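Colleague: just to be clear, the model below is a prediction. Sequence and coordinates:
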Amino acid sequence: MKIARYLAPFSNPWAVAGESLMLPLLAVALGIWLNPLDPLWTTAGFPWAWLAPVILALRYGPFAGLAGAAVLLVAWLAFNLTGWLPGEFPKVNFLGGLILVMLCGEFSSLWVARTRRAEGVQLYLDQRLEYLTHQYYLLRLSHDRLEQDLIGRPMAMRDALGALNALIARQAGDTLATDGAGAVALPGADGLLRLFAQYCQLEAAALHAVRDGVVEALPAARIGPAPADFDAADPLLRRALDNERLSHVAADLAAGENPSRYLVAAPLTTLDGRVLAVLLVERVPFFALHEEMLQTLNLLLGYYADGLAMHSLAAPLRADCPACPPEFAFELQRLWRVRRDSEVPSVLVALEFRPHPQFDGLAEQIARQRRALDVNWLIEAPAHKVLLTLMPLAGAAAAEGYLARIESLVRPKGVDSLNAAGVFAHVARVDTQPPLALLAHLFEVCDVPAEACAVRADA
C-alpha cells in the first residue's frame, strides 16, 4: 500500500511540472549511459526515450506528455548543436512519438473524466445510504419504544424529532451560523440535550463545538451541574475525535488507557465527514448505560447532524422559495453540485393535475408510490395541483419509465393517456441551470402562482 501511495499521480501542479521535466531528463541520462552514440534511440529498433512522455501522458493527460516531448526535442537540439548527434532532424521518429503521446493523453483524459464521474456518483450514494440508514434505525427504535413504554412517555420519538427539526430551522434561520470567532453555532442544542435526558436518561452532559479540530472549552449547551474545569486532553475525548465515532468508558478501559472523567464521548459528524461538535456525558444512571442507549444516542446525534447539513445546503434555495420542503431543496442543491462537479445527470419531473372527477386523489397516490431515492414536492395551487418529483442520477429513459408507470395507473379507469386524465407532464434536466432558475421555469410552465411557491420576482 505504501508503494502504491508513492507511485500515485501528484495533485500539485508544481509537482506535475517537476515530474514532466525530470522524467524525460532521466530517460535522456539513461540513454547517454546505455547508448552514448544515440542517447535518444532515434536509429534504434525501438525509441526507448519516448517511454517518458508516454508515461506522463498516461498519468496526467496530453499536456504533460507534450511537455515531456518538448524536453526530448530540446535535448536533441542540444546534442545536435554540440555535434554529439550530427545530421538531419529525425522527423519520422518525433512524429510517431507525438502521435503516440497524443493518443495516450486522450485515453488518460477520457478515463480520468469517467473516474471522476464514478467517484461523484459513489460519494452521493454513500451519503444517501448513510442518511437512509439513520432514518431506518430511528424508525425501528421509535417503533420499539412505542411498544415498550408508550404509556410512560409523553410523546413519541417521531414527534420529538419533528420538534427538534422545527427548533433547528427556527433558531438557525435555515442556515449554519457562526459566531464572531468563527466557531460553528449549534442551533437547537438545548432541545437536543433535553431530548437526550428524556430518551437516554442523561443526568449531566455537555455539547462542545469543534473549530479546526480544537474543542471549545465553553459548551454550547449542557444539562446537569457544571464541572470544575474542561479537560481537552481527556483520553476518551481524544479517542472519539481520532476515530470520529462514539466511545464509551467500557471500551476505554478495555483498551488499557487512562481512566476518563467522562462516561461517553460522541462526535457530531456531518455527511461530508466534518466534525461540528462533541457530546460529553459525565453522569448517567448505572442501569441506563447499555448498548441500546448508546445506539439511540449515536443515531440521534446523526439525525441532528443530518438536519444541520440539510438546512445549511438548502438555505440558499429556501431563502427565495420558502414553500419548498427542506428535504427537496437539500436534494436538489446536492444533485446540482453532483451534475456540476461530476457531470452525472438527474431529472426533475413536474406533473400538473387539472380537476377531473375520476382522479381527485391521483396526485397524493403517485406521491406515495415514489421510488426509494426520489424526493417529492406537492404544490397545492388554487385551480390545480403540481407534483414535482426529483429523480437522482436518472436520465430521460428513467423519466419515460416513470410516466409509463403513472399511465398504467389511470388506464384501468377508462382513459388512454395522461392528458385525458387531466395530467400534463413536464420533464427538466438538472443541468447547468441553477436550482432556483430551474424551479422558476417549471412554475411558469405549470402556471403555479407566486403565492403557492413564494418565489420572489427579483430572485
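Modeller: Looks like it came in fine.
Colleague: what about the helices in the stretch 301-450 of the chain?
Modeller: Per DSSP state H, counting those that start in this stretch, the stretch 301-450 of the chain carries helices over the ranges 326-342, 362-368, 396-410, 435-445, 450-453.
Colleague: could you give the mean pLDDT of the first one?
Modeller: This points to helix 326-342. Average pLDDT, helix 326-342: 81.
Colleague: right, and residue 24 touches residue 74 too?
Modeller: No: here residue 24 does not reach residue 74: they are 9.1 Å apart, not a contact under CB atoms under 8 Å. (Each C-beta comes from the backbone N, C-alpha and C, glycine too.)
Colleague: returning to what we had before: of the helices of the stretch 301-450 of the chain, which stretch is the most buried?
Modeller: Stretch with highest mean neighbour count among the helices of the stretch 301-450 of the chain: helix 326-342 (a mean of 20; mean count of other CB atoms under 10 Å).
Colleague: so where does residue 210 fall, helix or strand?
Modeller: strand 204-211 (DSSP states H and E).
Colleague: so what secondary structure elements neighbour that strand?
Modeller: Under the contact definition 3 or more CB pairs under 8 Å, 6 or more residues apart in numbering; DSSP states H and E, strand 204-211 sits against helix 189-199, strand 221-223, strand 275-283.
Colleague: could you list the low-pLDDT ranges of the stretch 1-150 of the chain?
Modeller: 1-11, 145-150 (pLDDT under 70).
Colleague: ranges for the helices of it?
Modeller: When assigned using DSSP H, counting those that start in this stretch, the helices of the stretch 1-150 of the chain occupy the ranges 2-7, 13-34, 51-60, 62-81, 91-149.
Colleague: with distance to residue 216 as extra columns, can I get these in a markdown table?
Modeller: Shown next, in a markdown table, are these (distance: least, CB to CB, whole Å):
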| stretch | distance to residue 216 |
| --- | --- |
| helix 2-7 | 34 |
| helix 13-34 | 36 |
| helix 51-60 | 42 |
| helix 62-81 | 45 |
| helix 91-149 | 25 |
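Colleague: circling back: between residue 24 and residue 74, which has more neighbouring residues?
Modeller: Using other CB atoms under 10 Å as the criterion, residue 24 and residue 74 rank with residue 24 on top: 26 against 13.
Colleague: which residue, neighbours along the chain excluded, lies closest to that one?
Modeller: residue 71 (3.8 Å; CB to CB, 6 or more residues apart in numbering).
Colleague: neighbours around the one you found, how many?
Modeller: By other CB under 10 Å, neighbour count at residue 71 equals 22.
Colleague: quickly note the distance from it to residue 61.
Modeller: Taking CB to CB, to the nearest Å as the measure, residue 71 falls 16 Å from residue 61.
Colleague: what's the answer for residue 429, then?
Modeller: The value you get for residue 429 to residue 61, if CB to CB is used, is 28 Å.
Colleague: same check on residue 209?
Modeller: 42 Å.
Colleague: how is the residue nearest to residue 141 when sequence neighbours are not counted assigned, secondary-structure-wise?
Modeller: Computed as CB to CB, 6+ apart, the closest residue to residue 141 that is not its neighbour in sequence is residue 296, at 5.8 Å. Under DSSP: H, G, I helix; E, B strand; the rest coil, the three-state class of residue 296 is helix.
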